[in-house]
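Visitor: Next one to model:
(chains A, B, C and D)
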2 protein chains.
Amino acid sequence: MEGIGRYSAAVYRLGQSIFNSKLKDLDISSGQYDFFLVIAKNEGINQKELGEWLYVEKSTTAKAVRQLETKGYICKKQVKKDKRYSSLYLTEKGREAASVVESVFNEMLDVYSKDIPENVIEDNISVLKKVINNLQEEKSRYTMSDRLTEDC
Amino acid sequence: MEGIGRYSAAVYRLGQSIFNSKLKDLDISSGQYDFFLVIAKNEGINQKELGEWLYVEKSTTAKAVRQLETKGYICKKQVKKDKRYSSLYLTEKGREAASVVESVFNEMLDVYSKDIPENVIEDNISVLKKVINNLQEEKSRYTMSDRLTEDC
DNA sequence: AAATATTAGTTGACAATGAAACTAATATTT
DNA sequence: AAATATTAGTTTCATTGTCAACTAATATTT
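Guide: Just a heads-up that it's a prediction; the model follows:
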């Protein structure tokens, strides 16, 4: 058998590259657009949830969020009940940009799935989700290894 | 519909992360192991072929190859008939490391595909290949755009 | 044969990302 | 209530990767 890893990697990198080409005019690049879109569709979301949704580390989320904030697309509001959290919202500028980014995103969906039946894509996604679960389990096994090796 | 891109990205990054944990002792890291393995299984291969196989840019290949060379795992031999090419071979040290890296790679294959039937994985890979083709076509459309916009 | 294209590989600048150590806030234990 | 642990987010550093401009070698055109 031969690696799902290699092909996923290719899909990821090619996708990033094309996104950057398509978004060249806008000042939102491949490292930010998905954070941006998730915030746009889930205003009020916090960074923890955002990172979990995109399967990235919290440091990555922090950086993407800061960039989007610096560029004026989003703003952060500290949550009063628990000041550790902050909720993320679009600014006016963000709301204007959202439709452009969304349409590029939709273009990309068509590129990915060109000549592939929708149900095949869906099956594919559910397999990838299962693979991700497997990987997350394995990763947490490593991350937790301090504790585990102490106890067992 | 919702994005194959996001899931492929997650598979890619989680995979890299776990590889790094597993290879912590060895001084071959996630950015090099697949180049190393492809060379190990195809001694004499050149950088162009290597990069095509892994779907990466030639500059990425160049850097990974140099790292592996610096660390003493592989060596380059310029091709006499066409001096632009060089063929890549394992050193003694490389040959020793290969079996270790291979076994980690095989462990990873099991992680990816845990509780997923082999034929499902295979179907999945063939869909991903199709997606990659789609992306490559789109990417070349952008890369070629200088010429295209001039002519048309 | 000289001029021009293309090709394999290199290099430098830069973006994206994870790991680890950190801070501040809240929860849990004692 | 004080001590301890956990949690959300930040910061710093190292690694991975692309892009674009470059060199040297070969192929193609004129």
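Visitor: For chain A, what lies in contact range of DNA strand C?
Guide: A:16, A:29-32, A:55-60, A:63-64, A:67, A:81-84 (C-beta under 7 Å from any atom of the strand). All C-beta atoms are positioned from the backbone trio N, CA, C, and that covers glycine.
Visitor: what domains does the record give for chain A?
Guide: As recorded under automatic domain parsing, the domains making up chain A are A:4-112, A:116-152.
Visitor: between those, which one is nearest to B:Lys76?
Guide: domain A:4-112 (23.0 Å; C-beta to C-beta).
Visitor: I'd like to know which elements whatever helix or strand A:Arg95 lives in is packed against.
Guide: When elements are assigned from DSSP states H and E, A:Arg95 belongs to helix A:92-112. Judged by 3 or more C-beta pairs under 8 Å, 6 or more residues apart in numbering or on different chains; DSSP states H and E, the packing partners of helix A:92-112 are helix A:4-22, helix A:33-41, helix B:4-22, helix B:118-143.
Visitor: Could you tell me the angle between that helix and helix A:33-41?
Guide: 120 degrees (axes from the mean of the first three to the mean of the last three C-alpha atoms, to 10 degrees).
Visitor: Just want the angle from helix A:92-112 to helix B:118-143.
Guide: 120 degrees.
Visitor: so where's chain A shaky on pLDDT?
Guide: A:1-2, A:144-152 (pLDDT under 70).
Visitor: which bits of it sit near DNA strand D?
Guide: Counting by C-beta under 7 Å from any atom of the strand, chain A sits next to DNA strand D at A:9, A:13, A:16-17, A:20-21, A:46-48, A:58-59, A:61-63, A:65-66, A:76, A:84-86.
Visitor: quick revisit: dump the helices and strands packed on helix A:92-112 to TSV, plus distance to B:Glu92.
Guide: Below are those laid out as TSV (distance: least, C-beta to C-beta, whole Å):
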stretch	distance to B:Glu92
helix A:4-22	27
helix A:33-41	45
helix B:4-22	23
helix B:118-143	34
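Visitor: Skipping adjacent residues, who's closest to the residue nearest the centre of chain A in space?
Guide: Closest to where the C-alpha atoms of chain A average out (C-alpha atoms, centre = their mean) is A:Leu54, at 3.3 Å. Of all residues not flanking A:Leu54 in the chain, A:Asp34 sits nearest, at 5.9 Å (C-beta to C-beta, 6 or more residues apart in numbering or on different chains).
Visitor: The one you found and DNA strand D: what is the separation?
Guide: 16 Å (C-beta to the nearest atom of the strand, to the nearest Å).
Visitor: cool, and A:Gly31?
Guide: 11 Å.
Visitor: Does that residue touch A:Ala64 like I think?
Guide: Yes - applying C-beta atoms under 8 Å, one finds A:Gly31 in contact with A:Ala64, separated by 6.1 Å.
Visitor: Dump the C-alpha coordinates for stretch A:18-31 into PDB.
Guide: Output in PDB follows, covering the C-alpha atoms of stretch A:18-31 (Å, rounded to 0.1, in the frame of the first residue of the first chain):
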ATOM      1  CA  ILE A  18      -3.600  28.500  -6.200                       C
ATOM      2  CA  PHE A  19      -5.300  30.400  -3.500                       C
ATOM      3  CA  ASN A  20      -2.400  32.800  -3.300                       C
ATOM      4  CA  SER A  21      -2.600  33.400  -7.000                       C
ATOM      5  CA  LYS A  22      -6.300  34.000  -6.900                       C
ATOM      6  CA  LEU A  23      -6.100  36.300  -3.900                       C
ATOM      7  CA  LYS A  24      -3.000  38.200  -5.100                       C
ATOM      8  CA  ASP A  25      -4.900  41.500  -5.300                       C
ATOM      9  CA  LEU A  26      -6.600  41.200  -2.000                       C
ATOM     10  CA  ASP A  27      -4.300  41.400   1.000                       C
ATOM     11  CA  ILE A  28      -5.700  38.100   2.500                       C
ATOM     12  CA  SER A  29      -3.400  35.300   1.800                       C
ATOM     13  CA  SER A  30      -3.600  31.500   1.900                       C
ATOM     14  CA  GLY A  31      -2.700  31.400   5.600                       C
END
